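Enquirer: missing the sequence, but the structure's below:
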């Protein structure tokens, strides 16, 4: 059955410059180029990987986007329509590699520490504290104290707080979704930076136990790798977080 999906890309071959060496045909893993008496493109198979253009010794190949105009529809964008047609033609599910093709902002690139009015080192460290330490947890609207002078006592009961030295933590990425070496690298970075990484829902490998004080253990609905020992390996920095993480009190 012929696909209703139009070609996304057009492969242009300059036959006057082409020397018929067939390197482009051999290099293309998608079968987008064939050779008869000359190099002939099969536009529907091209994914614009540019491999053929890179290996062409005469720079005789260019790939352009096919300027097909879909009727405007806010709900059914051209991208959604193309993906549906691809799935209908192949019977498969659209999958991609790491990353996100959507134009979402990367907040890491917008973090700025503006210390232009602070001397380094601080002239008066009591009035010019320089730190990135952050406490995660519910905060009260106000604090109540009792006593006076040198005998002041905090009366407000604070919710459990988790202290990190930088205002960044590593999101959950499970063993299996990423490699063990990647998890170990995250654990090492979390320990050196004074922050936390998350095991994800794949359990905790034995080689990560030494980094347990900087690791959050995750319990998902599938309970993959969840045991009492796994829960007790979580970082136990305060009594509240021992109870939260399932750690044994000491």
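Expert: Nice, thanks for sending it over. Small disclaimer: the values here were computed from a predicted structure and weren't measured.

Enquirer: Which segments of the chain make up each domain?
Expert: When the chain is parsed with automatic domain parsing, its domains come out as 1-99, 164-245.

Enquirer: wait, residue 196 sits on residue 190?
Expert: Yes: here residue 196 reaches residue 190: they are 5.6 Å apart, a contact under Cβ atoms under 8 Å. C-beta: built from backbone N, CA, C; applies to glycine.

Enquirer: Looking at those two now, which is surrounded by more residues?
Expert: Taking other Cβ atoms under 10 Å, residue 196 and residue 190 do not tie; residue 190 has more neighbours (24 against 21).

Enquirer: could you say what helices and strands the helix or strand containing that one packs with?
Expert: Here residue 190 sits within helix 180-193, counting by DSSP states H and E. Here helix 180-193 touches strand 197-198, going by 3 or more Cβ pairs under 8 Å, 6 or more residues apart in numbering; DSSP states H and E.

Enquirer: which residues of the chain fall in helices?
Expert: According to DSSP state H, the chain carries its helices in the segments 23-27, 51-55, 78-90, 180-193, 228-232, 239-245.

Enquirer: quick one, which of those is nearest to residue 202?
Expert: Among these, helix 180-193 comes nearest to residue 202, with 8.8 Å by Cβ to Cβ.

Enquirer: Pull the distance from that closest one to the chain's centre.
Expert: Between the centre of helix 180-193 and the centre of its chain there are 15 Å (Cα atoms, centre = their mean, to the nearest Å).

Enquirer: all numbers from here: first residue = 280
Expert: Sure, I'll start counting at 280 from here, so that last one is helix 459-472.

Enquirer: What's the mean pLDDT across stretch 381-393?
Expert: Averaged across stretch 381-393, the pLDDT comes to 77.

Enquirer: Quick one: residues in contact with that stretch.
Expert: residue 411 (Cβ atoms under 8 Å, 6 or more residues apart in numbering).

Enquirer: again, only this time at 10 Å
Expert: 358, 379, 409, 411, 446-447 (Cβ atoms under 10 Å, 6 or more residues apart in numbering).

Enquirer: neighbour-wise, which of those leads?
Expert: Neighbour max across these (other Cβ under 10 Å) = residue 447, 15 neighbours.

Enquirer: Quick check, residue 483 in contact with residue 504.
Expert: Yes: if you go by Cβ atoms under 10 Å, residue 483 and residue 504 touch, sitting 7.1 Å apart.

Enquirer: so which of the helices of the chain comes closest to residue 345?
Expert: With Cβ to Cβ as the yardstick, what comes closest out of the helices of the chain is helix 357-369 (10.9 Å).

Enquirer: and that closest one, how far from the chain's centre?
Expert: Using Cα atoms, centre = their mean, the offset of helix 357-369 from its chain centre is 25 Å.
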